[in-house]
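Trainee: Everything below, folded, please.
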Amino acid sequence: MRVGDLLDYDWGDWLDPLTLARRMGLSRPRTPRRILQEVKAALTPAARAYLNQALHEGTPCPPSTPGPPDLSIGPLSRRSQQTPHPFTVSWLHALQPVSFQIAPRKYLYTLRLHTLHAHTLVSRPDTKWRDLLPPLEGEQPRWASLYSALVPRPIGDISWRLLHGAVSMGMFLKRFTPIPDTFPFSNVRETLAHVYLECARQQPLFRLLTNILLCFWLHFSPHLFIYTLPIRGPTKSRDLLVNLFLALAKTAIYKTREGRLANEASCDCRAVFRSSVHSCIRAEFLWAASTDSLDAFEERWALSEVLCSVTPSGSFRLTL
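Mentor: Reported below is the predicted structural model:
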């Protein structure tokens, strides 16, 4: 790059950092700004006077130095001899080529990670539950529904780990620790499906979820419990609440199992679920009352008065 490439001959001044960044193929002006500062500081007074005279006298613009070539980066499609799994952890099939100059850092990291481990990820299903609980026709895990404005990250993380099968199970821990592979609530072998679906201790919780979802014109099922509900525009408020209930129910099962291993007294997942819902509603009501936004609270939490109801005087009553 020459000093003449840093000058704006139309305006008779130095280029601004954003324009120089575009010419250099950079997305941020931090480096061009530093280059301009260093070049200006290195110029002698005579050289600075010569440049100012050339700019103000309208000297013809010299040919600029060619910029960087327009490169794109993306996955290379190759025909593999191995038949890929229809639903894999690999993202290479979904990544589209982008301009190398403006490629985000997250895109480059994802492309590098999934390229280095392509042979492993392409043969690995996206969720352990495709074999344990095969999705119905047109059904798939709703990863985007695991987190929302109502579902905080710690609770959503448990749902995410459950879909991936990344939760502690006796059948896995027995390989590395002296912990038995039996379920702490019974003598049955502890598997993913038994802990979160098949155990008899979950049935009171599932009956409560069934009654709640019926009030929203939904039917509770193991598929809905594991794969969650898609969030749609017309029923967004209802869908967000239902996914919150499902996430709290999974958290209740997870916490009561951990509590049983720690010899804690409270191991009733239905009671833990009700307590979590009540605490969440009370916290939201107190916040809404302090900010004078009870109307918004009622629209979100008092749908059909399934969970609670708000009186005209500004008090609320739990109905769950």
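
Trainee: Quickly note the distance from Val247 to Ser304.
Mentor: For the record, residue 247 is Ala, not Val. With the distance defined as Cβ to Cβ, to the nearest Å, Ala247 ends up 20 Å from Ser304. Placement of C-beta: from N, CA and C, glycine included.

Trainee: With neighbour numbers in mind, choose between the two.
Mentor: Set Ala247 next to Ser304 and count neighbours by other Cβ atoms under 10 Å: Ala247 wins out with 27 against 11.

Trainee: by contact count, what packs against the host helix or strand of the more buried one?
Mentor: Using DSSP states H and E, Ala247 maps to helix 236-261. Taking 3 or more Cβ pairs under 8 Å, 6 or more residues apart in numbering; DSSP states H and E as the contact definition, the neighbouring helices and strands of helix 236-261 are helix 153-164, helix 203-215, helix 222-227, helix 269-290, helix 294-301.

Trainee: Tabulate those (a markdown table), appending distance to Pro32 and mean neighbour count.
Mentor: Below are those laid out as a markdown table (distance: least, Cβ to Cβ, whole Å; neighbours: other Cβ atoms under 10 Å):
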| stretch | distance to Pro32 | mean neighbour count |
| --- | --- | --- |
| helix 153-164 | 37 | 17 |
| helix 203-215 | 57 | 16 |
| helix 222-227 | 48 | 18 |
| helix 269-290 | 46 | 16 |
| helix 294-301 | 46 | 16 |
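
Trainee: out of those helices, nearest to Pro104?
Mentor: Of all those, it is helix 153-164 that lies closest to Pro104, at 21.8 Å by Cβ to Cβ.

Trainee: residues making contact with that closest one?
Mentor: Applying Cβ atoms under 8 Å, 6 or more residues apart in numbering, the external contacts of helix 153-164 come out as 127-129, 141, 143, 146-148, 151, 167, 192, 196, 226-228, 246-248, 250-251, 254.

Trainee: before we move on, what about stretch 26-38?
Mentor: So stretch 26-38 is in contact with 6, 14-15, 17-18, 20-21, 24, 101-102, going by Cβ under 8 Å, 6+ apart.

Trainee: Using a markdown table, lay out the helices and strands packed on helix 236-261 together with distance to Gln53.
Mentor: Output for the helices and strands packed on helix 236-261, formatted as a markdown table (distance: least, Cβ to Cβ, whole Å):
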| stretch | distance to Gln53 |
| --- | --- |
| helix 153-164 | 61 |
| helix 203-215 | 79 |
| helix 222-227 | 72 |
| helix 269-290 | 66 |
| helix 294-301 | 65 |
